[in-house]
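Asker: this is a predicted model, with the sequence first.
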Amino acid sequence: MDTLQNMRVFVRVVEAGSFTAAAQSLNTTTGAMSRAVSELEAHLRTRLLNRSTRRLALTTAGERYLKRCQQILADVDNAEEEASGAHERPSGVLRMHSFASIGQHYVLPAISRYRALYPEVAVELTLSQQMPDLFEGSADVAVVGASTLPNSDLVSLLLGTTFSILCASPAYIHAHAAPQTPADLLHHDCLLLKTPAFPTSEWTLDGPNGSEALEVSGPVQVNIAESLIVAIREGMGIGMLPLYAAIDGLRTGSLVRVLPEYTLQKMNVYALYPSRKFIDAKTRTWVEFLRTHLPQVIARDVALLGETGSRSVIGDALRAGDAGVAAPQMKH
């Protein structure tokens, strides 16, 4: 029996959630997956998985064994990578996790530039709104946004700081006029963005008078900034968007900045990775690349925001409305 290979199969079955999905990911048969786990259970003289026609569940012994297997397999992979020169030459598959919007606007463009430098590195990027458990081995590096990070054994690297702004469509501004003070937002439909980092309906605006907190409400709540952009463009209300998600719409005129002297939700962008004895070259060079690249991109976005602010965007919105843009109804 190849114990190490059977351990890999066991871990893959748990991560995939079924023998069939695990078999597909490893390009083998479901029967082979099942036999490998059965051999492992027979060798250990204990049941690792409770099986039914609908689902798999780890036993108590299986949960303990899974953690040991993940650590052992990580050590074996690190040893092989070190012996093969992976700690000196970036190569292989780099598994990344990122919050969805940060991934689309920051991580994917960065991957393109990184791979131009290190073409032997392939990338698997998972976009999600959930903080990953990197100790489970699901990813090598995560890029997340948060005001602060909870205490953990992860290595964290601050890559830069950005913020959110308030936006509406030209049609909405034409129909309702732009709010002049934060308190005016209480008389508008406010579109809500649910994120792991901040409260959904509490907006804290930082501006000339310091910080002003408001409890807002509105007809639509989404959990992805790109979906919120669609709702804003459709004239449903005023929404809070991360700068990186809003900048293209501001440049094209499909979005108008509201209360331009205010910003919201100062957010730090971090790279996270497990604290291991060996850090391979692809992980190390990716993190180093982000540390140099991302502050430049954030600075570019801030500069572009200043350029859009120099135009009379509210006036443009009103003129667009006069030209026949459909106007939604105001909240009462």
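Answerer: Sure, I can see it.

Asker: kindly state the beta-bridge partners for Leu56.
Answerer: Beta-bridge partners for Leu56, by DSSP bridges, are Arg51.

Asker: hmm, it is touching Thr20, no?
Answerer: No - in this structure, Leu56 is not within contact of Thr20 by Cβ atoms under 8 Å, at 10.7 Å. For glycine as for every other residue, the C-beta is placed from the backbone atoms N, C-alpha and C.

Asker: list the contacts for Arg89?
Answerer: Residues near Arg89 by Cβ atoms under 8 Å, 6 or more residues apart in numbering: Glu120, Ala281.

Asker: that one in helix, strand or coil?
Answerer: Look at Arg89: counting by DSSP: H, G, I helix; E, B strand; the rest coil, its state is coil.

Asker: do a quick rundown of the helices in the stretch 101-250 of the chain.
Answerer: For the stretch 101-250 of the chain, the helices defined by DSSP state H, counting those that start in this stretch occupy 108-117, 170-176, 225-233, 243-252.

Asker: buried residues in the third one, which are they?
Answerer: Right, helix 225-233. Buried residues in helix 225-233, defined by neighbour count with 16 or more other Cβ atoms under 10 Å: Ala225, Ser227, Leu228, Ile229, Ala231, Ile232, Arg233.

Asker: from Asn268, how far out is the fifth one?
Answerer: The one in question is Ala231. 26 Å (Cβ to Cβ, to the nearest Å).

Asker: so which elements touch the helix or strand where Glu39 lies?
Answerer: Here Glu39, judged by DSSP states H and E, is contained in helix 30-44. Packing partners of helix 30-44 (3 or more Cβ pairs under 8 Å, 6 or more residues apart in numbering; DSSP states H and E): helix 3-16, helix 19-25.

Asker: now the first one: average pLDDT?
Answerer: What that stands for is helix 3-16. Averaged over helix 3-16, pLDDT sits at 90.

Asker: gap between it and the chain center?
Answerer: 27 Å (Cα atoms, centre = their mean, to the nearest Å).

Asker: give me the contacts around that helix.
Answerer: 19, 22, 25-26, 33, 36-37, 39-40, 43, 48-49, 56, 58, 62, 65-66, 69-70, 72-73, 76, 136-138.

Asker: buried subset of those as a ChimeraX selection?
Answerer: Selecting only the buried entries of those in ChimeraX, with 16+ other Cβ under 10 Å as the criterion:
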select :19,22,33,36,37,39,40,48,49,56,58,62,65,66,69,70,73,137
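
Asker: for the lengthiest helix in the chain, buried residues please.
Answerer: Longest helix of the chain, by residue count under DSSP state H: helix 281-309. By neighbour count with 16+ other Cβ under 10 Å, helix 281-309 contains the buried residues 281-283, 285-287, 289-290, 293-294, 297-298, 301, 305, 308.

Asker: what sits closest to Leu259 if chain neighbours are left out?
Answerer: Setting aside the residues directly before and after it, Leu259 is nearest to Leu166 in space (Cβ to Cβ, 6 or more residues apart in numbering), at 5.4 Å.

Asker: still on that earlier bit, can you tell which of the helices of the stretch 101-250 of the chain is closest to His97?
Answerer: helix 108-117 (12.9 Å; Cβ to Cβ).

Asker: could you give me the average pLDDT of that closest one?
Answerer: 95.

Asker: using CSV, write out every CA atom in whichever strand or helix holds Arg68.
Answerer: Secondary structure from DSSP H and E places Arg68 in helix 60-83. The C-alpha trace of helix 60-83 is given here as CSV (Å, rounded to 0.1, in the frame of the first residue of the first chain):
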residue,chain,number,x,y,z
THR,A,60,-13.8,12.5,15.0
ALA,A,61,-10.7,10.4,14.2
GLY,A,62,-11.0,11.5,10.6
GLU,A,63,-10.9,15.2,11.6
ARG,A,64,-7.7,14.6,13.6
TYR,A,65,-6.1,12.6,10.9
LEU,A,66,-7.0,15.1,8.2
LYS,A,67,-5.0,17.9,10.0
ARG,A,68,-2.0,15.6,10.4
CYS,A,69,-2.2,14.6,6.7
GLN,A,70,-2.3,18.2,5.5
GLN,A,71,0.7,19.1,7.5
ILE,A,72,2.7,16.0,6.4
LEU,A,73,1.8,16.5,2.8
ALA,A,74,2.7,20.2,3.0
ASP,A,75,6.1,19.2,4.5
VAL,A,76,6.7,16.7,1.7
ASP,A,77,5.8,19.2,-1.0
ASN,A,78,8.1,21.8,0.6
ALA,A,79,10.9,19.2,0.8
GLU,A,80,10.4,18.3,-2.9
GLU,A,81,10.2,21.9,-4.0
GLU,A,82,13.4,22.7,-2.0
ALA,A,83,15.3,19.8,-3.5
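
Asker: mind exporting whichever helix or strand comes after that helix as CSV, just the C-alpha atoms?
Answerer: Note on helix 60-83: by DSSP H and E, the next helix or strand toward the C-terminus is strand 92-98. Extracted in CSV, the C-alpha atoms of strand 92-98 (Å, rounded to 0.1, in the frame of the first residue of the first chain):
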residue,chain,number,x,y,z
GLY,A,92,4.7,25.4,-10.6
VAL,A,93,1.2,26.3,-9.6
LEU,A,94,0.6,29.3,-7.3
ARG,A,95,-2.8,29.0,-5.6
MET,A,96,-4.3,32.4,-4.7
HIS,A,97,-7.4,33.5,-2.9
SER,A,98,-8.9,37.0,-3.1
